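Participant: Sequence first, then the predicted structure:
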Amino acid sequence: MSNKQLFIYNSLTSKKEKFVPINPPFVGLYVCGPTVYSEAHLGNVRTFLTFDIVYRYLTHLNYKVRYVRNITDVGHLVDDVDFGEDKIEKRARLEKIEPMEIVQKYTNSFHFTTQLFNLKNPDIEPSATGHIIEQIEMVQKIITHGYGYEINGSVYFDVKKYAEKFNYGELSGRKLDELLEQTRENLEGGEEKRFFADFAIWKKASPETIMKWNSPWGTGVPGWHLECSAMSTKYLGQQFDIHGGGMDLKFPHHECEIAQSVGSGSPSPVKYWMHGNMLTVNGSKMSKSLGNSFLPLELISGSHPLLEKGYDPMTVRFFFLQAQYRSTVDFSNEALQASEKGLKRLMSGIKLLENIKPSYSTSINLTSIIENCYSSMNDDFNTPITIAHLFDGLKQINLLNEGKETITINDLKTLKNHYSTFIFEILGLMPEKETSNPELLNETLNIILSLRKKAKENKDYSTSDFIRDELSKINITLKDNKDGTTWKIEN
Ligand code: AMP
Ligand code: ZN
C-alpha cells in the first residue's frame, strides 16, 4: 500500500512531522492515565480515546507498540498545586474508607469505562504507589545534578538554575517572567521554595497523611509530576517515541516531566509530544469542579439534566471520532443524535457488502477508496476525514448492491476486509448488538403461522408453501401435525 508514511503533529515543535521511531519496529507510547479519586467523566474518555486510536493505528501499521498508561494513586494534590491535601486522601476521608479502597474502587470503575467505550488495555498499567523507589532514585539524581534542593523534609526542583542552562518552557512556550505574573496569587503555602516556579519533587508528609513513605529526606510523598518521569523511563527508556495526554497537562505537568528527566542527566525524554483537545460544554471545559461533567452511566441512561435521552457508548465513540483530536468538541444533544444516525447508516451500509454478487470485472475505483483512508489516518490520525472517505465508499457499495457497478470476487474480499479493518479494528467501533428477544420472536412467528393456516384453509397452497420455504431459508423449519404447526430454529 502506498502513501503509508505517517505524520504526527508534535506539540514540541508545533509542526506535523514524519513519524520515524527511535528504534523501529518498536514504538514506546506513554499516556498520562487517570487520577483514581473519582469516576472518569466523558472528557477524560475523549482523551483516552484519542490515544486508543494512536495505539490501534500504529499496531495496524505493524509497529511493535509498548503502550504504558499509568494510574495516579498518590501525589496529585487538590487544585493541582504543591500544597494541601492529596485528592485520593481527601476522597477517602469523605467516603470514610481507606485511601487504597478509593484507589481500587475508582480503578475498577475506570476499567469498566474503558471496556464500555472499547478502549484497548495498555500493555503496562503502572501505579505511582508501586514505583516509590524509582521516584526516590530520580529525586536523588536530580539533587546530584544540582537541580534539586531540600528544605524542611521536602525537595524542590530548582527551575531558575535549570533555566540558566536549559529551555524551561520549551513545550508549553511559557516564559519564566510571564509565569511570575500568572502564579503570584498561587504562592500561598509555597514559601519554602526559593523561586516561585520551583515545584515539589518530594513532599514532607503531614502527621495526618496516611499514604507516606520513608526517604532520605524523612517521611513523605512523591511530587505529582515525578511518577510519569520515573515510570516512563523505567518501561520505555530515557528516550521514547510518543508521550500523550490532554492539552491541560502540557503545563505544568509535561513541562516539569521534561525538566525532571533532563535535570537528572538524561536527554530530553520524548520525540513526539501529542496533546488531545478538550471536550467542552457550552464552550467551557468539561470538568468535575465546574459541575458540567457527566459520567458514562448517566450518558447511557440519559439521567443527567444536560441529556435529552440516553446514548449508546458507540454513538459517543463515533461522535468523538467525527472531530480531529486537536480540535475542541462541544457537547450537544443534536450533535450526538446526528452521530447516532450517521453510525447507523455506516453500519447498515456495510451490511450491504454481504449481499453483493461478484462479477467478472471491477468497475469501481477500489484503490482510491482504500488509499484515501490511509492518507487521512497518516495525516495526524485524521479520523473525521477517514469517516468521510468511508461514507464516500458506501456510495459505491450501494451502486454495487443495485447492480450498477461491478466487482470481482477477489476485489470484493479486499473491499470487505478494508471496511472491517477500518471500522472495527482501527476506529474500534463495535457492531450493533443483535437483539435477542425470544418473546418477540415467538409472537412474530405466531402471526406468520396463523396467516399460513388461513392460506391453507383457503386452499391457497402457493402462499402457504412460500411462507414455509422462506422461513426455511433463514433456518426456521416448520412441522405440520394434526394439532397444528410447530417451528424450530436449526443450528
Ligand atoms: P485526570 O484524571 O484529571 O488526571 O485526567 C485524565 C485525563 O483526562 C488527562 O489527560 C486530562 O488532560 C484529560 N481531561 C480532563 N478533562 C478533559 C476534558 N474536558 N476533555 C478532554 N480531556 C480531558
Ligand atoms: Zn503524567
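Facilitator: Everything's here; your move. Ligands and ions are numbered 1, 2, ... in the order given.
Participant: if you skip the residues just before and after it, what's nearest to the residue of the stretch 51-200 of the chain found nearest ligand 2?
Facilitator: Nearest residue of the stretch 51-200 of the chain to ligand 2: Asn70, at 6.6 Å (C-beta to the ion). Where you see a C-beta, it was placed from the backbone N, CA and C, and this is true even at glycine. The shortest distance from Asn70 to any non-neighbouring residue, by C-beta to C-beta, 6 or more residues apart in numbering, is to Gly33 (4.4 Å).
Participant: what sits against the one you found?
Facilitator: Shown in contact with Gly33 (C-beta atoms under 8 Å, 6 or more residues apart in numbering): Arg69, Asn70, Ile71, Thr72, Glu125.
Participant: tally of neighbours for Pro252?
Facilitator: Using other C-beta atoms under 10 Å, Pro252 has 21 neighbouring residues.
Participant: That one contacts Phe199, correct?
Facilitator: Yes: between Pro252 and Phe199 there is a contact at 6.5 Å, judged by C-beta atoms under 8 Å.
Participant: Now do the shared contacts for the two.
Facilitator: His225.
Participant: Can I take it that Pro358 is in a helix?
Facilitator: No: using DSSP: H, G, I helix; E, B strand; the rest coil, the secondary structure at Pro358 is coil, not a helix.
Participant: Run a quick neighbour tally on it.
Facilitator: Pro358, neighbours per other C-beta under 10 Å, totals 14.
Participant: cool, and the one 4 residues further on?
Facilitator: The burial count assigned to Thr362 is 19, neighbours taken as other C-beta under 10 Å.
Participant: Name all residues that make contact with the residue in the chain that ligand 1 sits nearest to.
Facilitator: Here the residue of the chain nearest ligand 1 is Gly246; by C-beta to the nearest ligand atom that distance is 1.9 Å. By C-beta under 8 Å, 6+ apart, Gly246 lies in contact with Cys32, Gly43, Asn44, Thr47, His275, Gly276, Asn277, Met278.
Participant: Among the residues you listed, which one sits closest to Thr486?
Facilitator: Taking C-beta to C-beta as the measure, Thr486 sits nearest to Asn44 out of these, at 53.0 Å.
Participant: Hmm, Ala128 is touching Asp86, no?
Facilitator: No: contact criterion C-beta under 8 Å: Ala128 and Asp86 do not qualify, at 10.7 Å.
Participant: shared neighbours of those two, anything?
Facilitator: With C-beta under 8 Å, 6+ apart as the test, Ala128 and Asp86 both reach Val74, Gly75.
Participant: Name the residue in the two with the higher neighbour count.
Facilitator: A side-by-side neighbour count of Ala128 and Asp86, using other C-beta under 10 Å, places Ala128 first with 28 against 25.
Participant: For that one, list the residues it contacts.
Facilitator: Contacts of Ala128 (C-beta under 8 Å, 6+ apart): Asn70, Ile71, Thr72, Asp73, Val74, Gly75, Gln135, Pro222, Glu227, Met231.
Participant: So for the residue lying closest to it once chain neighbours are set aside, what pLDDT did the model give?
Facilitator: Residue nearest to Ala128 in three dimensions, not counting chain neighbours: Glu227, with 3.9 Å by C-beta to C-beta, 6+ apart. In this model, Glu227 is scored at 96, pLDDT.
Participant: Now do the same for Glu227: helix, strand or coil?
Facilitator: helix.
Participant: Tell me which residues touch it, please.
Facilitator: Contacts of Glu227 (C-beta under 8 Å, 6+ apart): Asn70, Thr72, Gly75, Ala128, His131, Gln135.
Participant: can you give me phi and psi for Asn481?
Facilitator: phi -140, psi -180 (degrees, to the nearest 10).
Participant: That one - how many residues pack around it?
Facilitator: 7.
Participant: for the stretch 1-150 of the chain, which spans come out with low pLDDT?
Facilitator: 1-3 (pLDDT under 70).
Participant: who in the stretch 151-300 of the chain is up against ligand 1?
Facilitator: Residues of the stretch 151-300 of the chain lying near ligand 1 by C-beta under 6 Å from any ligand atom: Gly245, Gly246, Asp248, Leu249, Met278, Leu279, Lys285, Met286, Ser287.
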